[in-house]
Structure formats: C-alpha cells, structure tokens
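Undergrad: just coords:
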C-alpha cells in the first residue's frame, strides 16, 4: 500500500515534470517558428538598453579611480617633500605641491607667462598644421602610386631616423629667424609619423573594397575620394595623434636650446633662476597642453569618423 | 510562366540579349616568383539570360578566378569572355558582384552603402535615397538603414551586399561564395531570400560555392570544376521545379543529384589534396583524418 502510494506519487511527479518540460519547450519553439526577417528587428532596442544600463556606473567608477590615482600621486609627492626623502633620488630641493599651487595662482594671471604659453601654442599650431597639410597628401600619393613611392621613399627613409632635436643647429643655420627654426623642428617631429601612418593606411586598405567600388561604377577619381580617403582615415588620425605628441617633444627641446620665449624656455629659465616651483609648474602646463592638443585631435577624429567612434565605444 | 521555364529563356525574345554570359576556352595563368601556375585551363561556360548557374569545385580550383575574370577584376591569358556579346574589359556597372567577405564600406551607413553605385551614376540624392529604401525594405533591412556595417550580423551584412549589387540594376549578378562565412541556419534563409530576389529581378546569376546542397537548391545548371588546373569537368542540369522549397531538399530527386555531385567532387577533392594521399590512407584512418591527420599521413 505504502509502496503503491509511493509509486503513484512518483508517477505523478514524473507526469508533472513531463508537462513542465513541455510547457518549457513551447515558448522556445515559438520564436524559432516566426519568420526570420522579423527577428533582427528586435535587436537594436536591446543593444541600446544594454548600453544605457552598462555605461553609467562604469564611467562613475572610471572617474573615481582617476581621482584616486591623482590623489595618490600628489600625496606621495607631498610626503616625499615634507620628509625630504633622500635615497639616491633627492627631494631636498623639490618644491611641495602646495608651493606649486600657490605659485600657479599668481602666475596664471601674469602676462609674461601667458605670452610664453601663447607662443608655444602658436609654434605647435604652425609646425603641426604644415606637417599635416604636407604629410597627408604626400602619404596618400605614395601609398597609391608605386613609382612615386620608389622615387621619394628612399630619401625620406634616410632622413627619418634623425631625431628632430638633432636638427637644431642645422635648423638655426637654415632658417632666417629663431622663430622659424623652432617651428621647423616642430614640423619635422610630426611630419614623419603622419606620413608613415598615412602611407600605411592607404596600403592596408582592403583590396576587395576597391574591387567592390569599381564594380559599382567608381571612376579613378571617385575611388580616391570615396574609398581610399575614408578608408585610410583611421590610420591618418593615428598618425596625427602620434605626430602631435612628437611635435611637443621637439618643441620643448628646441625652446630649451634656442628659444627666448615659450613654455619650454620658461621651464629651463626657472631652473637657471632657481625658481624651483616654476619648473614643476612648467612641466605640468606642458603636460596639460599636450593632453588638450591630442584631445582636440581625437574629437575631430570622432566627428569625422562616426563609424570608428562607435567601434571604440564598444571596445572600451 | 517565365519562372517555370528558367532553363530556356532564349524563347522569351524580349530578354534574350540581357545578361548573357559566355566564357569560351578561358585560360588564366598566375606567375609567382618561382613558377607559373595555371589557375583556369580551357574553361568554357555559359549563363543564359535569366539563368541561375553555379560553379562548384574543391577549394583552390580556380572557380573564383573564373568569376573574377567575368567581373573584369583580372584578365584571362587566352580565350574570350563576353557579356551580351561585348567583350569584358574591366569592371562594369552592368555586372554586380557580391563577395564572400561582404566588402561593405565600413565608413558608410547601410543605406549609403546601397546608394554608392547610384551616386557613382550621378543620381540625385532624393531619388537615390528612395530607391535604396525600397530595396532595403525588400531585404527586411529598412530598420537598419542608418546603422554602420559593423553593427550588423553576418547574414544582414550579406543582405546589404546583395542589395547594394542590385541597386544599379545590373543584368548579371556574380556571387563569389557569398554565404561561405555564414552559419548553416542563416545560409538556408539567405538562399531563400536570394531565390526570391533573383525571381523578382530576373537577372542572370553566376554563383560560386563548394556547398553541394546550396548549389542544387539554387541553380538551374551546375558546372563542376576540377582541381587545379581548373577545368570544367561536368555540367549538371537541375530539373527541380520552381519555386524551390526547403522540403525539396529531402526529395529523392534532390538526393540523387547530391549523390551524383558528391561523387564528382570527391574525386577532385582527393586530387586537390595531392597525389600522396591515397584512398588506402583514407580508408585506414577514416576517423582520424583532420588537418593534422592528413599531414601525418603525407609526411609518413
């Protein structure tokens, strides 16, 4: 009796399980039976939802971590100066963050300081713009045209490994004024990264895209404007970003060596005049200006290449 | 009625001259650094107006090379390729091409991709947009017109690829293993979509594949190519009624065709893998032969 009851209940359970299974199967089978064309339509809202939900807490965390990172750096600096840390590297003469901050508040309103910054920015803008305007078209040409590449590239290959700073004496002899020679150094620094990346962008363009465009009736000119140019744009912007970094490196070095004005000269002058907090200030300003400049390039890149910006967003 | 007799469109005189591909005694040689490779050897094929013709063969047999010659991307060394009696000389808007790697322009939205050919033609923006929208609607992609290709699945990308090739109303559609990168389920759906499109636009299709079922399901006729050098080994007529349905794939007539093609292709695949690989090796290690297995046997 007991066993019979047990068996019965067991059977009932099993039956329940079976019906449960069936009930589970039906909703799974339903969407599969739906027309396949309707399925993709359901996708974009899902994607949007995921993005909206995913990004907010993550950016908050990113911001918090960034703030923490900076705080640690400044705190470490503060204590290293306070206790005059001396273990091979010496913090004896290094100004404290507070001293630098005090100096900054008075100096930022100073017209002389503003002139230093303004001149450096002008030199960067001039050197970098000329480099971009020359390097991008030359790069596109060299990437597309084999004869041009084989004619021009060897000469460039010999000049390329020479660091821009090594050009300083030559540059002073070449150009009529100090100002132009500094701009020339800045130009040299950014020219090669932009050029090489542009060439690479053109050459790494998928050949199937060129075939596709030609079978869709693109003429040679149209091919260049509508396929080669947009197709190599991501590489061009990589080159511009690297070029901007090297431009700053070259500018600061050139200003320290031969300048009379500019943020690089300001930093070097502060060392000669034993204004230690101004050294740090100069360094920070150089860092911030470099950051702003590459930020501007990234902004322009994102604006010109919305498709790539989307990719990056999904990657990060 | 015209759908029921796709094999003999020559009867329909109105479209007799549209999309007629003839390849006669085509040979294509590639010169690499050390040697000359004969990719296509004396191949002759024909695609009649409105016909769906597939070339099937082992990988590396030169079937894509043949298609690239018809597309005008490369030139043959001997022989003659004409479309509607005009010799092929470079790519043309008359011959739409669909590639295996989708080849959508990543910097253009889905709709701009479809509009590309119309833009090259000089069509005005408004006309272009509405024409692209109509086609995208047919392919069920209208909701994605402003998406970028990277945001789409493989099947959707290839639908855009097909629609883009159709936008300029070519007479001929050349498809180079267009569904090769898709999973089996998506493939089947894509084949049905393609069949629908083909019947709606009534164009000639030259289709490349190495998938036997796909070839039979889609085609009016199938050419079997030999391993390199690629020759045309056989021509098979597919006398299955249209419209084709998924159920037909389990019919006896379909099975017979599969069997027939499988036999033809097996010989060629074995030949393509090299002379060292004998039937005995395959028999003895029937379950072991993967990429590594074959290497071991060949080396041993």
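TA: Perfect, I can see it now. These figures come from a predicted structure and were not determined experimentally.
Undergrad: low-scoring stretches of the stretch 1-150 of chain B, by residue?
TA: For the stretch 1-150 of chain B, the stretches with pLDDT under 70 are B:1-17.
Undergrad: chain A contacts on the stretch 151-300 of chain B?
TA: When proximity is defined as Cβ under 8 Å from any Cβ of the partner chain, the stretch 151-300 of chain B approaches chain A at B:151, B:153, B:156, B:164, B:165, B:168, B:189. (C-beta placed from N, C-alpha, C; glycine too.)
Undergrad: out of those residues, flag the one nearest to chain A.
TA: Chain A has its nearest neighbour among these in residue B:189, at 4.7 Å by Cβ to the nearest Cβ.
Undergrad: what residues sit buried inside the strand or helix carrying the closest one?
TA: In this structure, residue B:189 sits in helix B:184-201 according to DSSP states H and E. For helix B:184-201, a neighbour-count test (16 or more other Cβ atoms under 10 Å in any protein chain shown) marks B:186-195, B:197-199, B:201 as buried.
Undergrad: list just the nearest of those to chain A.
TA: Comparing these against chain A with Cβ to the nearest Cβ places residue B:189 closest, at 4.7 Å.
Undergrad: find the residue ranges of the stretch 151-300 of chain B scoring beneath the pLDDT cut-off.
TA: If you take pLDDT under 70 as the line, the stretch 151-300 of chain B has these spans: B:272, B:274-300.
Undergrad: can you pull out the helices in it?
TA: Taking DSSP state H, counting those that start in this stretch, the helices of the stretch 151-300 of chain B run over residues B:154-167, B:184-201, B:212-218, B:252-273, B:279-284, B:291-299.
Undergrad: circling back to that earlier point, out of the residues of the stretch 151-300 of chain B next to chain A, grab the one that's most surrounded.
TA: Counting neighbours by other Cβ atoms under 10 Å in any protein chain shown, residue B:164 comes out on top of those with 30 neighbours.
Undergrad: what's the closest non-adjacent residue to residue A:267?
TA: Excluding its sequence neighbours, the residue lying closest to residue A:267 (Cβ to Cβ, 6 or more residues apart in numbering or on different chains) is residue A:282, at 3.1 Å.
Undergrad: count the residues that sit near that neighbour.
TA: 25.
Undergrad: next, give phi and psi for it.
TA: phi -60, psi -40 (degrees, to the nearest 10).
Undergrad: residue B:76 sits in which helix or strand?
TA: Using DSSP H and E, residue B:76 sits in no helix or strand.
Undergrad: isn't it up against residue B:27?
TA: Yes: the pair residue B:76 / residue B:27 is scored as a contact, 6.4 Å apart, by Cβ atoms under 8 Å.
Undergrad: tell me, what's touching these two both at once?
TA: Common contacts of residue B:76 and residue B:27 (Cβ atoms under 8 Å, 6 or more residues apart in numbering or on different chains): residue B:40.
Undergrad: looking at those two, which is more packed in?
TA: Ranked by neighbour count (other Cβ under 10 Å), residue B:76 and residue B:27 place residue B:76 first, with 22 against 19.
Undergrad: can you pull the contacts of that one?
TA: Per Cβ under 8 Å, 6+ apart, neighbours of residue B:76: B:26, B:27, B:28, B:40, B:69.
Undergrad: what about the fourth one, distance to residue B:261?
TA: Separation of residue B:40 from residue B:261 (Cβ to Cβ, to the nearest Å) stands at 20 Å.
Undergrad: between the two, which is the more surrounded one?
TA: Legend: neighbour count by other Cβ under 10 Å for residue B:40 and residue B:261, higher for residue B:40 (29 against 20).
Undergrad: tell me the SS of that one?
TA: Following DSSP: H, G, I helix; E, B strand; the rest coil, residue B:40 is assigned to strand.
Undergrad: isn't it right up against residue B:62?
TA: Yes: here residue B:40 reaches residue B:62: they are 4.4 Å apart, a contact under Cβ under 8 Å.
Undergrad: which stretches of the stretch 1-150 of chain A form helices?
TA: A:2-33, A:38-41, A:43-82, A:97-107, A:111-144, A:146-159.
Undergrad: just to revisit the earlier point, who's in contact with the residue nearest to residue A:267?
TA: Contacts of residue A:282 (Cβ under 8 Å, 6+ apart): A:263, A:264, A:266, A:267, A:270.
Undergrad: my guess is residue B:33 is in a helix, correct?
TA: No: counting by three-state DSSP, one finds residue B:33 to be coil, located in no helix.
Undergrad: what number of residues lie near it?
TA: Using other Cβ under 10 Å, residue B:33 has 4 other residues around it.
Undergrad: ok, it to residue B:18 distance?
TA: Taking Cβ to Cβ, one finds residue B:33 at 43 Å from residue B:18.
Undergrad: can you list residues touching both of residue B:40 and residue B:62?
TA: With Cβ under 8 Å, 6+ apart as the test, residue B:40 and residue B:62 both reach B:28, B:229, B:230.
Undergrad: among those residues, which are located in strands?
TA: Among the shared contacts of residue B:40 and residue B:62, the members found in strands (DSSP state E) are residue B:28.
Undergrad: name the nearest residue to residue 96, ignoring sequence neighbours.
TA: Went with chain A since none was named. Distances taken as Cβ to Cβ, 6+ apart place residue A:81 nearest to residue A:96, at 4.3 Å, with adjacent residues excluded.
Undergrad: chain B is the one I meant
TA: Leaving aside its sequence neighbours, residue B:96 sits nearest to residue B:165 (Cβ to Cβ, 6+ apart; 3.3 Å).
Undergrad: tell me the spacing between the one you found and residue A:106.
TA: Residue B:165 sits 68 Å away from residue A:106, going by Cβ to Cβ.
Undergrad: residue A:112 now?
TA: Relative to residue A:106, residue A:112 is positioned 12 Å away (Cβ to Cβ).
Undergrad: swap in residue A:218?
TA: Distance from residue A:218 to residue A:106, by Cβ to Cβ: 61 Å.
Undergrad: neighbour-wise, which of those two wins?
TA: Relative neighbour count places residue A:218 above the other of residue A:218 and residue A:106, with 22 against 9, counting by other Cβ under 10 Å.
Undergrad: what's the pLDDT at the more buried one?
TA: Per-residue pLDDT puts residue A:218 at 93.
Undergrad: which SSE is it in?
TA: Assigned by DSSP H and E, residue A:218 belongs to no helix or strand.
Undergrad: can I assume it is in contact with residue A:226?
TA: Yes: using Cβ under 8 Å, residue A:218 is in contact with residue A:226, at 6.4 Å.
Undergrad: how about the residues of the stretch 151-300 of chain A near chain B?
TA: By Cβ under 8 Å from any Cβ, the residues of the stretch 151-300 of chain A that approach chain B are A:206, A:208-209, A:211-219, A:222, A:226-227, A:230-231, A:233.
Undergrad: what about these, which are in helices?
TA: A:208, A:209, A:211, A:212, A:213, A:214, A:215, A:222, A:230, A:231, A:233 (DSSP state H).
Undergrad: widest-spaced pair of those?
TA: A:215 and A:233 (22.7 Å; Cβ to Cβ).
Undergrad: the more surrounded of these two?
TA: residue A:215 (27 against 19).
Undergrad: residues touching the more buried one, list them.
TA: Residue A:215 is in contact with B:71, B:72, B:73, B:91, B:92, B:93, B:95, B:96, B:97, B:165, counting by Cβ under 8 Å, 6+ apart.
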